[in-house]
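[1] sharing a model prediction with you, sequence too.
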Amino acid sequence: MLLTFGLLAYLSHPEIVKVKKPFSIFPYQINRWSGVEDQFDPKVYQILGVDDSILANYRAPGEPPINLYVGYYQSQREGDLIHSPKNCMPGGGWNIIEASIETLKIGDITPIEYQIEKLILQKGKQRQISLYWYQSRGRIISSEYMRRIYLFYDAITRNRTDGSFVRLISPVIESEEKTLATMKSFARELFPILQEYIPS
């Protein structure tokens, strides 16, 4: 009984894991990419329940624009959970016509491969691509299922449920292949910067 009580007390303790740096100082110049701050409607932030976030539109010469959103949660114990774009996107009028896993290689000499999610979305004649992943407690996760497993596991073993959601969106202008290649290039430049903000 004492062990059970101790475990329950440990798991119910509200941990607070803050970002390494606030997203208010996130750079709007990432190599050749120049960004401009954007904002969701205040009601959206209430629904998301994020503790810190950034929403910005980045452009580079000769490339399609890329919308970046990062939402960070200090704790996911009290009902504020990361929302899946597979639920949010259709609500904005965009239909998911394809979902698949992409490999993102980070690093030049000995690159590390990460699995991330790709969605192809359509609204009327418009198409766009979304790349996203869950960056939580030192892991890059694409699977909704594995995200929940790790959330439960880390809550028990590390007393941590903090996590973040990283999402890129870009319109398909010339071809899906060119848009995807551009987004991956941007993601590779973005990745080391995210490490400076999101706790490992």
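    Perfect, thanks for sending it.

[2] going by C-alpha atoms from here, please, whenever you check contacts or count neighbours.
    Will do.

[3] the helix or strand where Tyr132 lies: which residues count as buried?
    In this assignment (DSSP states H and E), Tyr132 forms part of strand 126-136. For strand 126-136, the neighbour count (16 or more other C-alpha atoms under 10 Å) marks 127-136 as buried.

[4] which one of these sits closest to Arg160?
    Proximity of the buried residues of strand 126-136 to Arg160 was ranked by C-alpha to C-alpha; the top entry is Ser136 with 9.7 Å.

[5] which one is the closest one nearest to, not counting chain neighbours?
    Gly163 (4.2 Å; C-alpha to C-alpha, 6 or more residues apart in numbering).

[6] who touches that neighbour in this structure?
    Counting by C-alpha atoms under 8 Å, 6 or more residues apart in numbering, Gly163 makes contact with 72-76, 82, 134-137.

[7] that one bridge partners, please.
    Beta-bridge partners for Gly163, by DSSP bridges, are Tyr73.

[8] how much space between Tyr45 and Leu131?
    Per C-alpha to C-alpha, to the nearest Å, Tyr45 is found 21 Å from Leu131.

[9] show me what Ala56 bridges to in the sheet.
    Counting by DSSP bridges, Ala56 forms beta bridges with Glu37, Leu68.

[10] re earlier: can you pick the most crowded of the contacts of Gly163?
    Using other C-alpha atoms under 10 Å as the neighbour criterion, Tyr72 leads the contacts of Gly163 with 26 neighbours.

[11] what residues does that one make contact with?
    Residues counted as contacts of Tyr72 (C-alpha under 8 Å, 6+ apart) are 19, 50-53, 162-165, 198.

[12] and which of these is nearest to Asn95?
    Closest approach between the contacts of Tyr72 and Asn95, by C-alpha to C-alpha: Phe165, at 20.6 Å.

[13] neighbours of the closest one, how many?
    With other C-alpha under 10 Å as criterion, Phe165 counts 22.

[14] quick one: it is in a strand?
    Yes - when DSSP: H, G, I helix; E, B strand; the rest coil is applied, Phe165 is found to be in a strand.

[15] what sits closest to it if chain neighbours are left out?
    Using C-alpha to C-alpha, 6+ apart and skipping the chain neighbours, the partner closest in space to Phe165 is Tyr134 (4.7 Å).

[16] verify the contact between that neighbour and Val166 for me.
    Yes - the criterion here is C-alpha atoms under 8 Å, and Tyr134 meets it with Val166 at 6.2 Å.

[17] just the pLDDT for Leu180.
    The model reports Leu180 with a pLDDT of 96.

[18] so who does the residue nearest to it when sequence neighbours are not counted touch?
    Sequence neighbours aside, Ile129 is the residue nearest to Leu180 in space, at 7.2 Å (criterion: C-alpha to C-alpha, 6+ apart). Contact analysis of Ile129 by C-alpha under 8 Å, 6+ apart lists 118-121, 169-172, 176, 179-180.

[19] one more time with 10 Å
    Listed by C-alpha atoms under 10 Å, 6 or more residues apart in numbering, the contact set of Ile129 reads 66, 96, 98-99, 118-122, 168-172, 176, 179-180, 183.

[20] tell me the buried residues within those.
    Buried by 16+ other C-alpha under 10 Å: 66, 96, 118-122, 168-172, 176, 179-180, 183, out of those.
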